[in-house]
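Asks: Here's my sequence, what's the structure:
(chains A and B)
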Amino acid sequence: MNEILDMLEKDARITPEEISKVLKKDVNSVKKAIKKFEKEGVIVKYKAVINREMVKDEAKKVQALIEVRVAPERGAGFDHIAERIYRFPEVISCYLLSGTYDLLLVVEGGDIQSVSSFISERLATIDNVRSTVTHFILKRYKADGDILKLMEKNNRIAISL
Amino acid sequence: MNKKIRISKKVEEMRPSGIREFFDLVIGMRDVISLGVGEPDFVTPWNICESVMFSLEKGYTSYTSNKGLYELRLALSRHIKGKFSVGYDPDDDILITTGVSEAIDLALRSIVNKGDKVLIPSPSYVAYEPVAFLAGAVPVIVRTDGSNNFKLTPDLIKKNLTSGAKAIVINYPCNPTGSTYTKKELLELSRVFIDNNLIVISDEAYDELTYDFNHTPIASLPGMRRRTVYLNGFSKAYAMTGWRIGYACGPKEIIAGMTKIHQYTMLCAPIMGQMGAIEALKGSGRSVIEMRREYMRRREFVVDKLNEMGLECHRPDGAFYAFPSIRSTGMDCRDFAKDLLKKEKVALVPGTAFGMEWKDRVRISYASSLENLKEAMERIGHFLKAVN
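Replies: Residues are numbered from 1 along each chain as shown, chains lettered A, B, ... in the order given. Prediction:
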């Protein structure tokens, strides 16, 4: 069944019919499997991968990686405090890490000021947050397995035998 | 005194590929969607490229031994043993060549004497017949049948063996038809090969692109290793066409003969390509599987579409070609290809490139992105409506 997920992860628009032909499985069982994945939250959603830097005439957005050190809570560990933080829509990603800090966030805002004020007013003021270190992202080269630039067009000769 | 320069009679006698003018037409045009390409549309997996960059930095830019880097021959020997249980000694039974193309030439030249007959199926890859001819052989064309997916059968071979032959060239999965053989079919063929003492030159360059069952090298069948020159390369499976690395495995007498010619004409295959090949064998399994899946998806789309449009086409088991019939249009394949190119800017290869008798066939390569294929099929549909 993981083969179905592999194929959808590569191209969310592939149809159950195509998957069934490539994997030599019954279409209905593929459809059923996908439905089940969706229902169980294995497949969270289907969305496009967009290189924002290429979008014209749009107010640019700013992203920052933020290292956060937090004090875990008795009984809830990091989960509760993490949820306090990731529920903010400004937080694009949130990871719990091993090492010198605990949470790694990707935070997005309209400009540097709005990201900064989110950090200083909303994030750093949460009781269990001990410290933050902010790195503004200058350029995204690759995200979630996708290279974000147009690769040079394949220059094969038009006819070869 | 302006005496005309005369080139070799033999080369003059070689049949020119009758579709040169068509190729020239394609090359002069812009915005063409090409379904005429005989190579993968993927670029070589990055681990391979990166490891060659490293080897260049380390200064690996020299000749290698004539037979190829020992490390590569050893890796190949293990790879083939592990995958197909056929044993080839890296010292004596394996030669690294500059693509499978060179290996075909070397094999034929090492095997045939002037006037020996060599069976060559039709349709087949363009090189076999002229190369056999250059080697001094008399090519015997074995015409296969579209209704049998262009496969050789024991009967067909026997029929063409009436005056004996020394060798046969086989190619599966096949360029241009995409057809390939099951183990059972190969077993039946192998009996005929053995009974008639034929040497088999087996071009299995597309073996990794077999979709519906596992590929069986003919050399792995009983009695076949000692009479088979097994040819394969890195071009198709690892998207490494431009690296020009192929290999030949076989009985040590033949490999020694091939090495003799190779050392004088090629010296060795390029070391960069050999370095890349070593890396390809080490860690590219995932890329191969992903590419194969993508080809399968395209195959399903293209074959269904062609049949829907009335260009009857069997479902090829391998490679990345479809070889549909254009009989429903009543057109000659060259006119079909030319008109399609001019009117709809889609390039494909006329069937006659693969044997003069295939006037009602064209080769369509689906080594192209699905978006391209969708657009191309729409254009072909549009073209067909205007024709009918």
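Asks: if you skip the residues just before and after it, what's nearest to B:Lys345?
Replies: B:Val32 (4.8 Å; C-beta to C-beta, 6 or more residues apart in numbering or on different chains). (C-beta placed from N, C-alpha, C; glycine too.)
Asks: Helices of the chain, start to end?
Replies: Just so you know, I chose chain A. Under the criterion DSSP state H, helices of chain A are mapped to A:2-10, A:16-23, A:27-40, A:79-86, A:112-117.
Asks: could you do chain B instead?
Replies: B:9-13, B:20-27, B:46-57, B:70-84, B:99-111, B:128-134, B:154-159, B:183-195, B:252-265, B:271-283, B:285-308, B:333-344, B:370-387.
Asks: which parts of the fourth one are buried?
Replies: Of the residues in helix B:70-84, those with enough neighbours to count as buried (16 or more other C-beta atoms under 10 Å in any protein chain shown) are B:Leu72, B:Arg73, B:Ala75, B:Leu76, B:Ser77, B:Ile80, B:Phe84.
Asks: rewinding a little: adding mean pLDDT and distance to A:Gly75 as columns, could you present the helices of chain B in CSV?
Replies: Below are the helices of chain B laid out as CSV (pLDDT from 0 to 100; distance: least, C-beta to C-beta, whole Å):
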stretch, mean pLDDT, distance to A:Gly75
helix B:9-13, 91, 86
helix B:20-27, 80, 71
helix B:46-57, 95, 46
helix B:70-84, 97, 53
helix B:99-111, 98, 66
helix B:128-134, 96, 75
helix B:154-159, 96, 76
helix B:183-195, 98, 62
helix B:252-265, 98, 72
helix B:271-283, 95, 45
helix B:285-308, 92, 42
helix B:333-344, 95, 69
helix B:370-387, 95, 51
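Asks: The residue lying closest to B:Ala353 once chain neighbours are set aside: how many residues sit nearby?
Replies: Beyond its immediate neighbours in the sequence, the residue positioned closest to B:Ala353 (C-beta to C-beta, 6+ apart) is B:Ile19, lying 5.1 Å away. Neighbourhood size, B:Ile19 [other C-beta atoms under 10 Å in any protein chain shown]: 22.
Asks: Wait, B:Ile19 touches B:Thr352, no?
Replies: Yes: in this structure, B:Ile19 is within contact of B:Thr352 by C-beta atoms under 8 Å, at 6.8 Å.
Asks: Overlap of the contact sets of these two?
Replies: Common contacts of B:Ile19 and B:Thr352 (C-beta atoms under 8 Å, 6 or more residues apart in numbering or on different chains): B:Arg334.
Asks: how about the residues of chain B near chain A?
Replies: Residues of chain B lying near chain A by C-beta under 8 Å from any C-beta of the partner chain: B:22-23, B:26-27, B:32, B:34, B:36-39, B:41, B:43, B:125-126, B:175, B:212, B:290, B:293, B:296-297, B:300-301, B:347, B:349, B:353.
Asks: Any quick PyMOL command for the buried ones out of these?
Replies: Here is the PyMOL command that selects the buried residues among these (16+ other C-beta under 10 Å):
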select buried, chain B and resi 22+23+26+32+34+36+37+38+39+41+125+126+175+293+296+297+300+301+347+349+353
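Asks: where does chain A have low pLDDT?
Replies: A:1, A:58, A:154 (pLDDT under 70).
Asks: can we see that at 80?
Replies: Chain A contains residues with pLDDT under 80 at A:1, A:53, A:57-60, A:150-155.
Asks: ok, what's across the strand from the residue positioned nearest the centre of chain A?
Replies: By C-alpha atoms, centre = their mean, the mean C-alpha position of chain A lies nearest to A:Ser93, the distance being 6.1 Å. Beta-bridge partners recorded for A:Ser93 (DSSP bridges): A:Val106.
Asks: which of the helices of chain A is buried the deepest?
Replies: helix A:16-23 (a mean of 19; mean count of other C-beta atoms under 10 Å in any protein chain shown).
Asks: Which residues does that one contact?
Replies: A:3-4, A:7-8, A:25-27, A:29-31, A:34, B:293, B:296-297, B:300-301.
Asks: Check stretch B:239-247 too.
Replies: B:39-40, B:42-45, B:48, B:68, B:76, B:94-103, B:205, B:231-235, B:269-270, B:272-274, B:276-277, B:280, B:287, B:291.
Asks: Which single one of the contacts of helix A:16-23 is nearest to B:Asn148?
Replies: B:Glu300 (22.1 Å; C-beta to C-beta).
Asks: Quick check: that closest one vs A:Thr15, distance?
Replies: 11 Å (C-beta to C-beta, to the nearest Å).
Asks: Kindly state the pLDDT recorded for B:Ile170?
Replies: What the model reports for B:Ile170 is a pLDDT of 98.
Asks: burial measure for it, as a count.
Replies: 24.
Asks: who are the neighbours in contact with it?
Replies: B:Pro121, B:Leu152, B:Leu189, B:Val200, B:Ile201, B:Ser202, B:Asp203, B:Ile218.
Asks: JSON lines for the residues you listed, including neighbour count?
Replies: Below are the contacts of B:Ile170 laid out as JSON lines (neighbours: other C-beta atoms under 10 Å in any protein chain shown):
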{"residue": "B:Pro121", "neighbour count": "26"}
{"residue": "B:Leu152", "neighbour count": "25"}
{"residue": "B:Leu189", "neighbour count": "24"}
{"residue": "B:Val200", "neighbour count": "21"}
{"residue": "B:Ile201", "neighbour count": "27"}
{"residue": "B:Ser202", "neighbour count": "23"}
{"residue": "B:Asp203", "neighbour count": "28"}
{"residue": "B:Ile218", "neighbour count": "23"}
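Asks: ok, so of those, who is nearest chain A?
Replies: B:Asp203 (13.5 Å; C-beta to the nearest C-beta).
Asks: For the nearest residue in space to the closest one that is not next to it in sequence, give its distance to B:Lys374.
Replies: Residue nearest to B:Asp203 in three dimensions, not counting chain neighbours: B:Asn171, with 4.2 Å by C-beta to C-beta, 6+ apart. Plainly put, B:Asn171 is 29 Å away from B:Lys374 if you go by C-beta to C-beta.
Asks: Show me the beta-bridge partners of the closest residue to B:Ile199 other than its chain neighbours.
Replies: Nearest non-adjacent residue to B:Ile199, counting by C-beta to C-beta, 6+ apart: B:Ala167, 4.2 Å away. Under DSSP bridges, the beta-bridge partners of B:Ala167 are B:Val118, B:Ile199.
Asks: how many other residues sit next to B:Ala167?
Replies: Neighbour count of B:Ala167, defined by other C-beta under 10 Å: 23.
Asks: From B:Val138, how far off is it?
Replies: In terms of C-beta to C-beta, B:Ala167 sits 11 Å off from B:Val138.
Asks: Overlap of the contact sets of these two?
Replies: Shared contacts of B:Ala167 and B:Val138, counting by C-beta under 8 Å, 6+ apart, come down to B:Asp116, B:Val118.
Asks: Walk me through the domains of chain A.
Replies: Per automatic domain parsing, the structural domains of chain A span A:2-40, A:54-139.
Asks: ok so, going back, next one, pLDDT for the residue nearest to B:Ile199 please.
Replies: 98.
Asks: how many neighbours does residue 89 have?
Replies: Reading this off chain A. 7.
Asks: hm, I was asking about chain B
Replies: 13.
Asks: contacting residues for the closest residue to it other than its chain neighbours?
Replies: Of all residues beyond its chain neighbours, the one nearest B:Asp89 is B:Ser77 (6.9 Å), with distances taken as C-beta to C-beta, 6+ apart. Going by C-beta under 8 Å, 6+ apart, B:Ser77 touches B:Gly87, B:Tyr88, B:Asp89, B:Pro90, B:Asp93, B:Ile94.
Asks: re earlier: wait, which of the buried residues of helix B:70-84 is closest to chain A?
Replies: Nearest member of the buried residues of helix B:70-84 to chain A, counting by C-beta to the nearest C-beta, is B:Phe84, at 22.5 Å.
Asks: Verify the contact between that closest one and B:Ser220 for me.
Replies: Yes: assessed by C-beta under 8 Å, B:Phe84 is found in contact with B:Ser220 at 4.8 Å.
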